[in-house]
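> Any chance you could fold what I've pasted below:
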Amino acid sequence: MSSSLGLSPEIVRYLADVNPPEHPALARCRAETHAMPNAQMQISAEQGAFMQSIARMIRAKRAFEVGVFTGYSSLATALALKEMHPIGAHLLACDISEQYTTKARDYWREAEVDDVIELKIAPASETLDQRIAAGQGGSYDMGFIDADKTGYDAYYERGLQLLRPGGVMLFDNVLWSGRVADPADTGADTTALRALAHKAKADARVHASMNNIGDGVLTCVKK
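Below is the predicted model of the structure:
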């Protein structure tokens, strides 16, 4: 979503004015993606700034992302990781699209964070399972999930295994343009998002909260 749900153009412009300026590569990514047919898949600029704040608050060094698209969220996160940890910062980026991630690679190179990002083109559940099997459980500080909604529960469970205690996992689109609040909407994606929200709320393994930045972000802090 190119701007947060329900915000007027005036508020979006105000947020852009008072937030720190975007890195030039982020600005180019956002502008060029805005002209694409699937532009609504891109997170908003204020959401990118929010993610960078989360990364800085927890001093994140290692992160994973499921759903790269054209790379705005991964670029925003990688910039924060590398700023704090010039040596050793790492972002595992999972996607299945060569087409979109080719664009992402271009922005990563421009921002000089391509050395931080490891892109895996494969079903994300397989990639995360491989990292768990390789003994990387509990070694990640942060995760961001913005992919197929019916897969969110699988990513939630795998992500919790990969996160360290105190690590943060963010799920995008959990308000689903308001459709989650419509009882008449029983589509697979909507149903999956509702189920995850209620699961996280009751899950003793996490502290969970939801807010309306972007298209809704569910924040889960691993206990």
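
> quick one, what contacts the residue located most distally from the centre of the chain?
Going by CA atoms, centre = their mean, the residue of the chain most distant from its centre is residue 184, 28.1 Å out. Applying CB atoms under 8 Å, 6 or more residues apart in numbering, we find residue 184 in contact with no residue. The way it works is simple: take the backbone N, C-alpha and C, and place the C-beta from them, glycine included.

> Phi first, then psi, for it.
Residue 184 adopts backbone torsions of phi -80, psi -20, taken as degrees, to the nearest 10.

> what stretches of this protein score poorly on pLDDT?
By pLDDT under 70, the low-scoring segments of the chain are 1-3.

> now what about the top strand by length along it, what contacts it?
Longest among the strand segments of the chain by residue count, using DSSP state E, is strand 163-172. Strand 163-172 is contacted by residues 43, 47, 51, 54, 58, 60, 67, 73, 138-146, 152, 156, 159-160, 196, 214-223 when judged by CB under 8 Å, 6+ apart.

> CA atoms only for that strand, dumped as PDB, please.
Output of strand 163-172 as PDB, limited to C-alpha atoms (Å, rounded to 0.1, in the frame of the first residue of the first chain):
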ATOM      1  CA  LEU A 163      13.700 -15.200  16.400                       C
ATOM      2  CA  ARG A 164      15.600 -14.800  19.600                       C
ATOM      3  CA  PRO A 165      13.800 -13.900  22.800                       C
ATOM      4  CA  GLY A 166      12.900 -10.200  22.500                       C
ATOM      5  CA  GLY A 167      13.000 -10.400  18.700                       C
ATOM      6  CA  VAL A 168      10.200  -8.700  16.700                       C
ATOM      7  CA  MET A 169       8.100 -10.100  13.800                       C
ATOM      8  CA  LEU A 170       5.900  -7.800  11.800                       C
ATOM      9  CA  PHE A 171       3.000  -8.900   9.600                       C
ATOM     10  CA  ASP A 172       1.700  -6.600   6.900                       C
END
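
> Next secondary structure element downstream of it?
Next helix or strand after strand 163-172 toward the C-terminus (DSSP states H and E): helix 188-202.

> What lies in contact with that following helix?
Under CB under 8 Å, 6+ apart, the answer for helix 188-202 is 149-150, 152-153, 156, 171, 173-174, 176, 179-180, 182, 206, 208, 210, 218, 220.
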